[in-house]
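>>> could you work out the structure for the sequence below:
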Amino acid sequence: MKTKTLQSLQSLRVLREQRATTALVAQQQRVRETGSERDQAKERLRQHRESIAHEAEAIYAALEGGLSVANWQAAQARLQDLAEGQDVLEEQVGEVSHKLQAEELLRDACQRERLMRQRQSEAWQTLVERRERMEQGMRETREESDLARSAVGSGS
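You can find the predicted model right below:
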């Protein structure tokens, strides 16, 4: 293979490495965003659980003072609504956590791809440099040979 061809192929490898790096950076950003989304979902769930606890305390305090049947039923309905809301929030946390795991797996794949591309590029660069040194040595040998022939030819 000619040196120019090797250099062109090396340029393509460098481009692939750059694309892999860009993909990795984008994926890392998605992981950060999804992690933040998960943290927000967990915080909403925590706050919701806290409001359930406060509501339950208020109902318990009201029980000590005596509640009418209608108020007791309303309190039970309110707690049921809060429990259903908690279920929804827990489901959201689970979904975002699964999404985060998928994003992290993709990020890991991007890291492996980038590392592979980087290693290929480095190996190819070594090959190109070796080839260039070999050709440089061959040119120098030819030039020395041509000079020696010229000296012998002009010396006769």
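>>> for Leu67, phi and psi?
Here is the backbone geometry of Leu67 (degrees, to the nearest 10): phi -120, psi 140.
>>> how many other residues sit next to it?
When counting by other C-beta atoms under 10 Å, one arrives at 14 neighbours for Leu67. Placement of C-beta: from N, CA and C, glycine included.
>>> against Glu55, how distant is it?
In this view, Leu67 and Glu55 are 14 Å apart by C-beta to C-beta, to the nearest Å.
>>> low-confidence ranges in this structure?
Where the chain drops to pLDDT under 70, the residues are 155-156.
>>> in it, where's the longest helix?
helix 69-155 (DSSP state H).
>>> run through the neighbouring helices and strands of that helix.
Contact here means 3 or more C-beta pairs under 8 Å, 6 or more residues apart in numbering; DSSP states H and E; on that basis helix 69-155 packs against helix 3-65.
>>> and the helix it packs on, how far from the chain's centre?
The chain centroid and the centroid of helix 3-65 are separated by 10 Å under C-alpha atoms, centre = their mean, to the nearest Å.
>>> quick one on the thing from earlier: need the residues touching each of Leu67 and Glu55.
Residues touching both Leu67 and Glu55 (C-beta atoms under 8 Å, 6 or more residues apart in numbering): none.
>>> check contacts around the spatially closest residue to Ser51 that is not a sequence neighbour.
For Ser51, ignoring the flanking residues on the chain, the nearest one in space by C-beta to C-beta, 6 or more residues apart in numbering is Leu82 at 6.9 Å. By C-beta under 8 Å, 6+ apart, Leu82 lies in contact with 48, 51-52, 55.
>>> now the residues you listed as JSON lines including distance to Asp87 and neighbour count?
JSON lines is the format used below for the contacts of Leu82 (distance: C-beta to C-beta, whole Å; neighbours: other C-beta atoms under 10 Å):
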{"residue": "His48", "distance to Asp87": "10", "neighbour count": "17"}
{"residue": "Ser51", "distance to Asp87": "15", "neighbour count": "13"}
{"residue": "Ile52", "distance to Asp87": "12", "neighbour count": "17"}
{"residue": "Glu55", "distance to Asp87": "16", "neighbour count": "15"}
